[in-house]
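Engineer: no sequence on this one, just coordinates:
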């Protein structure tokens, strides 16, 4: 166990499941180096960006322009000329590229075995549907998101699980264990929140859009074993892995389907009691995002819940420098829609889709601490690194039910 809360846990604390890659000694050491490098770049070197801005970049900008920057883009252009920020950005970008190389190398070493294990778990299951005719949207196929070769859809050979296994094995190091041993801190947080917000409510059906490897939907499936859950994505390589992963963890009530959420015509109006995304909206184009929310609203039952976990929106209350720093991923981590999405008025988009502002709410959701990894949390210590992962949620209860009881029924 990790005995300190200021360093990431050892990679060997990661929890295994039926299709998780086997980790050799040197591979674990490499991930440990990357986790600590990420922590150092963010926590020790990161504050130097603001110091550089205040000491050099802002005064030079004001001297040249006769005013302060008017938006985050002007700050970015100015900061990109500063040697400290360029150094920091290079370190951060290279750490992500090394993470992808480390995970991909580890998975490729055992890809035949991983794919065979996944195939055995998936064999004969009607709860996995792959539809080759589903095209990967151009906005997703055009870039290797997170610097991951082939993004979520990449395959080294037909029918493998390369993308899913690479994505799954590296999150622990990238987040310093902040999402827990199974990288399911977001899903665990959703379970805790709904049990507190609506005690005793058991949704009939849940739709998880953009499920990737299913790490955020498995906790809900285990918490609601009688609920029919549909998890959809356009990436077959991730879905093969996700289905096998879920079954190995005992979640057998999830239907994983290859589907583009812009068209949910397979499902009738009001079919689901809960429609959700988790850190997915920022990977959608400006045209796809409102279409997906509109389709989600259509298939949501009266009294049902729509919930989108995301990073905070850029508002006038957020300092421009913070907006600039949060924007880093859009321009340096292959997240092309990140900046634009965080400037959108998501509540207005939901309102236009028939989910009125009067029924909307926003909450702050922190990943549940995995106390096996961060034992300080179990002893009542102050908040530790295990709570580094937190999101803002855009939520709404669809009108049409007269009471919580009717909504639940």
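Structural biologist: That came through, no problem. Treat the numbers as computed from the prediction; the structure is a model and nothing was measured. Numbering: from 1, shown residues only.
Engineer: all strands for the stretch 101-250 of the chain, in order.
Structural biologist: Counting by DSSP state E, counting those that start in this stretch, the stretch 101-250 of the chain has strands at residues 128-129, 205-209, 228-233.
Engineer: and of the ones you listed, who's closest to residue 369?
Structural biologist: The closest of those to residue 369 is strand 205-209. By C-beta to C-beta, the value is 22.9 Å. Just so you know, the C-beta spots here come from the backbone N, C-alpha and C atoms, and that holds for glycine as well.
Engineer: So what are the sheet partners of that closest one and their directions?
Structural biologist: Here strand 205-209 is paired, per DSSP bridges, with strand 228-233 (parallel), strand 272-278 (parallel).
Engineer: what's the spacing between it and its chain's center?
Structural biologist: Relative to its chain's centre, strand 205-209 lies at 16 Å (C-alpha atoms, centre = their mean, to the nearest Å).
Engineer: which sections of the stretch 151-300 of the chain are below the confidence cut-off?
Structural biologist: Along the stretch 151-300 of the chain, no part satisfies pLDDT under 70.
Engineer: Could I get the full set of helices for it?
Structural biologist: 162-174, 185-197, 218-223, 236-248, 288-299 (DSSP state H, counting those that start in this stretch).
Engineer: What of the stretch 1-150 of the chain?
Structural biologist: Taking DSSP H, counting those that start in this stretch as the criterion, the stretch 1-150 of the chain carries its helices at 25-40, 48-52, 58-65, 72-79, 83-109, 111-122, 138-141.
Engineer: re earlier: closest one to residue 340 among the strands of the stretch 101-250 of the chain?
Structural biologist: Taking these one by one with C-beta to C-beta, strand 205-209 is closest: 19.0 Å.
Engineer: From the rest of the structure, what touches the closest one?
Structural biologist: Outside strand 205-209, the residues within contact range by C-beta atoms under 8 Å, 6 or more residues apart in numbering are 214, 216-217, 220, 224, 227-232, 261, 264, 267, 271-278, 280, 292, 296, 299.
Engineer: try 6 Å this time
Structural biologist: 217, 227-232, 261, 272-277 (C-beta atoms under 6 Å, 6 or more residues apart in numbering).
Engineer: Could you tell me which strand of the protein is the longest one?
Structural biologist: strand 300-310 (DSSP state E).
Engineer: Which one of the helices of the stretch 1-150 of the chain lies nearest to residue 366?
Structural biologist: Residue 366 lies closest to helix 25-40 among those, at 18.2 Å (C-beta to C-beta).
Engineer: picking up where we left off before, make TSV out of the helices of the stretch 151-300 of the chain and add mean neighbour count and distance to residue 210.
Structural biologist: As requested, the helices of the stretch 151-300 of the chain are arranged in TSV below (neighbours: other C-beta atoms under 10 Å; distance: least, C-beta to C-beta, whole Å):
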stretch	mean neighbour count	distance to residue 210
helix 162-174	26	13
helix 185-197	19	12
helix 218-223	23	15
helix 236-248	28	10
helix 288-299	21	9
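Engineer: so which of those helices comes closest to residue 118?
Structural biologist: Taking those one by one with C-beta to C-beta, helix 236-248 is closest: 3.9 Å.
Engineer: now the angle between helix 162-174 and the closest one, please.
Structural biologist: 70 degrees (axes from the mean of the first three to the mean of the last three C-alpha atoms, to 10 degrees).
Engineer: pLDDT of stretch 45-58, averaged?
Structural biologist: For stretch 45-58, mean pLDDT rounds to 98.
Engineer: Show me what it is in contact with.
Structural biologist: Contact with stretch 45-58 is made by 78-79, 82, 84-85, 88, as judged by C-beta under 6 Å, 6+ apart.
Engineer: Most neighbours out of those residues, which is it?
Structural biologist: Most neighbours among the contacts of stretch 45-58, by other C-beta atoms under 10 Å: residue 79, with 26 neighbours.
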